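A.B. asks: Next come a sequence and a model predicted from it.
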Amino acid sequence: MPSSERLSRFQLARLILIQEIRGLLAAPALWIMLIIVSLLVGYSFIQAVELFSQASRTAKSFPELASGMNPMEGIFVPTFGAYYLTETLLLPFVAIRIIGLDKQSGALKLLLQLRLPPLSLCGIKLAAMGIVWLLSLLPALLVLVFWHHLGGHIYPPEIAVLFAGHGLYSLAVVTIAMFAATISDSLPTAAMICLAVTLGSWVLDFAAGGQSGALEILGSLSLTGMLRQFEGGLLSTTLIAAFLSLSLLFFLLTAIWLHPGRRSAFKLRNSLMVLLALGGLLAGASLAPRYVDLTENRKHSFNPADARALRQLDKTLTITIHLDPQDSRFLDLEHDLLAKLKRCVPKLELHYAATGSTGLFSAAKIDNYGLIEYEYNGRQDQSYSNSQNEILSIIYHLAGMRVTSEPVPIYRGYPLVADARSNRWWFYLILPLFFLGIGIPGCRGKW
Amino acid sequence: MKHFRGTHSQAEGMIQKQPARGLRIDRINKTFGTYRVLTDISFTVVHGEILGLIGPNGAGKSTLLECITGLLPVESGTVGWEDENLSRQRRQQLLWYQPDNILPFAGQRVAATLSFFRRAHGASEADLEQLVDGLDLSPMLNKPLQALSKGYRRRVLLAIALLSRQPLLMLDEPFDGFDLKQSLAVMDLLRQCRTGRTMILSIHQLSEAEKICDRFLLLDQGRMMGIGTLDELRRQAGLSPEASLEEVFLAII
């Protein structure tokens, strides 16, 4: 380099990015996390294959059961559960370091004097964490390879949604951790703040399980609840916007609060503006939601002919349900048919009538318990059926429509009897040793 | 430590085009909550000068340097360079502040850390080699910063500071952690690097300040007690021309 060569901002940003990555690779927390990911992913995968194989034996004898043998639900979602644990409990400790350690060591005071604004500095740190996240995907890639090698079926769009969900969840966790580190005086305090959010989200989702009403809505809006919807294979613009808005919010708050030389009034004013702008953006995105069902069995979609017909309903369709929110029939209806109707029917009104009943086996205190009433364009009908075909027939009858389903490929499932135990050495020994082999020199400052 | 010959050609170039006036601090006030840390601090530093910021621990020296750099907000007051009031962006171009007691990138090898700052500051490899040679850092290059003794850590921090290219260099307690011989060597090094650069050194050891600084700003409990050359301060304190800085300081505060 010639004497006194002044770097461009881009070159400086690249230089700091390399320094940040070097710093992360020197963190024992990262390598411990990667080793734990390997062990957890390996264990989850081997267990999932074992359970899937047990179920597949029956499905192979009774082909009508085979359609339930979905590798996404049987193998990949449980295996990625290990990632959920890691992203919730361990990733914050790695992410907190990228700002917390610089604050603690005084490096931040030097970095803030270089010719980059705090926003760029935060962006660089986030990019460094992105590279670390990609490194953590190594065990997941091995799972795909081994499952394919065992003869298992992989449907790429479903896998892509799953990766996207975990990517967005990790992004949210990392930005929350960065903000926690920015506003905290110490690393333990930042860790407590971040874990309070991630674990709180998990508790909220757990508490909302099987509930309806406000608690269910809150649960679905929690980080865990939003990730769960990705695991289902349904891509929703509202959900993506929610994850991105949340991540962008904490990222911008980090950039605003990072520089100690800014006045509190400036920080508060800008935080409020960011909050309002992102709130507006999210509200806008939720006004016109779009959904893409990327599951192979199209479980979130009606037959294309039904979907087209339901979108053409220009009057308000009112459905009144006389079922207790705890009733399993209600939950089935809510999560399957009503969810699909909400995505297709332009003007849908749902009324949940009070029942006084506490479930299927308790005595109903009203005569019409279980009844579902339909009203469209002044015409009414009612039924006790939960069947999709029957309910759609009632709606079409009320609307005066005749709909003939289109022929669609029948999902026959992918039952597979396999043994993944021979792969355990990869997850329990080779990968951990690989991470140790790279990590130990890094932690000793050899890079 | 060996003799160091700096090559601060860019800083020299900048300084030659500039008139004598340099940094201008005007009525800086700073409080932490209800506690007033700095009260109406105003002074100027001319180009090429070494100003010693003198005061006991807790006098507000580090806070003042951080306020000048923009790392702490001030309640009121301005920081100027020539006739220009400095924005935060301009301060990044003109000032470099090396805080006390920091351990940047502690887990990384000293060579990697120095290389990072060399490239970030746009210094040449020759500059770095000369600094490493001058500060006797060669045996420590492959060790992580956190594994070094306090004295060597100080040398690394000094090297990082001297790699900077900003015309104003502010060092917080640059002699802390050095023995007498090392302090003298560091002073020698700073004298060689002063060509074309203005320096503010925050020092609480008065004997060392007396040896290197051209002028002194005496600070106590966040208030300016005096500013000037040692002779001017002696006259202000009504002391004899032989009085040491320590005596002057004690007489003034």
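C.D. replies: Done, it's in.
A.B. asks: and stretch A:232-246, C-alpha only, in CSV?
C.D. replies: Output in CSV follows, covering the C-alpha atoms of stretch A:232-246 (Å, rounded to 0.1, in the frame of the first residue of the first chain):
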residue,chain,number,x,y,z
GLY,A,232,-46.3,-24.7,8.1
GLY,A,233,-45.1,-23.8,4.6
LEU,A,234,-47.3,-20.8,4.1
LEU,A,235,-45.6,-17.6,2.9
SER,A,236,-47.4,-14.5,4.0
THR,A,237,-46.5,-11.0,3.0
THR,A,238,-47.8,-9.7,6.4
LEU,A,239,-45.7,-12.2,8.3
ILE,A,240,-42.6,-11.3,6.3
ALA,A,241,-43.3,-7.6,6.7
ALA,A,242,-43.8,-8.2,10.5
PHE,A,243,-40.4,-9.9,10.8
LEU,A,244,-38.6,-7.4,8.7
SER,A,245,-40.3,-4.4,10.4
LEU,A,246,-39.4,-5.8,13.8
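A.B. asks: How far does it sit from its chain's centre?
C.D. replies: 8 Å (CA atoms, centre = their mean, to the nearest Å).
A.B. asks: Just the buried positions in it, please.
C.D. replies: If you call a residue buried by 16 or more other CB atoms under 10 Å in any protein chain shown, then stretch A:232-246 has these buried ones: A:232-236, A:238-246. Quick note: C-beta positions are derived from backbone N, CA and C, even for glycine.
A.B. asks: pLDDT at the closest residue to chain B within chain A, what is it?
C.D. replies: At 2.6 Å from chain B, A:G106 is the closest residue in chain A, using CB to the nearest CB. A:G106 is assigned 95 on the pLDDT scale.
A.B. asks: One more: A:A309?
C.D. replies: In this model, A:A309 carries a pLDDT of 94.
A.B. asks: And for B:L219?
C.D. replies: pLDDT at B:L219 comes out at 94.
A.B. asks: who's in contact with it?
C.D. replies: Counting by CB atoms under 8 Å, 6 or more residues apart in numbering or on different chains, B:L219 touches B:I41, B:L53, B:I54, B:G55, B:A59, B:G60, B:K61, B:L64, B:M225.
A.B. asks: mind checking how far it is from B:K30?
C.D. replies: Using CB to CB, to the nearest Å, we find B:L219 at a distance of 12 Å from B:K30.
A.B. asks: between those two, what contacts are shared?
C.D. replies: With CB under 8 Å, 6+ apart as the test, B:L219 and B:K30 both reach B:G60, B:L64.
A.B. asks: nearest spatial neighbour of residue 184, skipping sequence neighbours?
C.D. replies: All of this refers to chain A. Spatial nearest neighbour of A:S184, excluding adjacent residues (CB to CB, 6 or more residues apart in numbering or on different chains): A:A190 at 3.9 Å.
A.B. asks: my bad, the chain I had in mind was chain B
C.D. replies: Closest to B:L184 by CB to CB, 6+ apart is B:K211, at 7.8 Å.
A.B. asks: Look at the residue in the stretch 1-150 of chain B that chain A sits nearest to and report its pLDDT.
C.D. replies: In the stretch 1-150 of chain B, the residue that lies nearest chain A is B:I102 (2.6 Å; CB to the nearest CB). Predicted confidence (pLDDT) for B:I102: 94.
A.B. asks: contacting residues around it?
C.D. replies: Applying CB under 8 Å, 6+ apart, we find B:I102 in contact with A:S105, A:G106, A:A107, A:K109, A:L110, B:L157.
A.B. asks: Figure out how far the helix or strand harbouring the residue nearest to B:L184 is from the centre of its chain.
C.D. replies: Applying DSSP states H and E as the criterion places B:K211 in helix B:206-212. With CA atoms, centre = their mean as the basis, helix B:206-212 stands 13 Å off its chain's centre.
A.B. asks: Pull out the buried residues from it.
C.D. replies: Residues of helix B:206-212 classed as buried by neighbour count (16+ other CB under 10 Å): B:L206, B:E208, B:A209, B:E210, B:I212.
A.B. asks: Out of the residues you listed, which is nearest to A:G81?
C.D. replies: B:E208 (61.7 Å; CB to CB).
A.B. asks: Run a quick neighbour tally on the closest residue to that closest one other than its chain neighbours.
C.D. replies: Leaving aside its sequence neighbours, B:E208 sits nearest to B:F175 (CB to CB, 6+ apart; 4.8 Å). Neighbour count of B:F175, defined by other CB atoms under 10 Å in any protein chain shown: 25.
A.B. asks: Assumed B:F175 was part of a helix.
C.D. replies: No - using DSSP: H, G, I helix; E, B strand; the rest coil, the secondary structure at B:F175 is coil, not a helix.
A.B. asks: all strands of the stretch 1-150 of chain A, in order?
C.D. replies: Read by DSSP state E, counting those that start in this stretch, the stretch 1-150 of chain A holds no strands at all.
A.B. asks: Can you pull out the low-pLDDT segments for it?
C.D. replies: Applying pLDDT under 70 to the stretch 1-150 of chain A flags the ranges A:1-5.
A.B. asks: if we can go back for a sec, need the buried residues of helix B:206-212 in JSON lines (columns: pLDDT).
C.D. replies: Formatted as JSON lines, the buried residues of helix B:206-212 follow (pLDDT from 0 to 100):
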{"residue": "B:L206", "pLDDT": "88"}
{"residue": "B:E208", "pLDDT": "86"}
{"residue": "B:A209", "pLDDT": "90"}
{"residue": "B:E210", "pLDDT": "90"}
{"residue": "B:I212", "pLDDT": "91"}
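A.B. asks: ok, now which ones touch residue 63?
C.D. replies: All of this refers to chain A. Listed by CB under 8 Å, 6+ apart, the contact set of A:P63 reads A:R412.
A.B. asks: you looked at the wrong chain, it should be chain B
C.D. replies: B:T63 touches B:K30, B:V37, B:L38, B:L72, B:G222, counting by CB under 8 Å, 6+ apart.
A.B. asks: Just read off the phi/psi values of the residue of the stretch 1-150 of chain B closest to chain A.
C.D. replies: For B:I102, the backbone dihedrals are phi -110, psi 160 (criterion: degrees, to the nearest 10).
A.B. asks: Where does the residue in the stretch 151-253 of chain B that chain A sits nearest to sit, in terms of helix or strand?
C.D. replies: Per CB to the nearest CB, B:R165 is where the stretch 151-253 of chain B lies closest to chain A, at 6.4 Å. If you go by DSSP H and E, B:R165 is not part of any helix or strand.
A.B. asks: okay but it is in contact with B:H121, surely?
C.D. replies: Yes - between B:R165 and B:H121 a contact is recorded at 5.3 Å, counting by CB atoms under 8 Å.
A.B. asks: returning to what we had before: and the residue nearest to B:E208, what is it in contact with?
C.D. replies: B:S183, B:V186, B:M187, B:I203, B:Q205, B:E208.
A.B. asks: And it, how far from B:L137?
C.D. replies: On the measure of CB to CB, B:F175 and B:L137 end up 17 Å apart.
A.B. asks: And A:G225, by the same measure?
C.D. replies: With CB to CB as the criterion, A:G225 and B:L137 are 54 Å apart.
A.B. asks: hang on, the earlier thing: out of the contacts of B:I102, which comes closest to A:T318?
C.D. replies: Using CB to CB, A:A107 comes nearest to A:T318 of these, at 61.7 Å.
A.B. asks: ok, and the closest non-adjacent residue to the closest one?
C.D. replies: B:P104 (3.6 Å).
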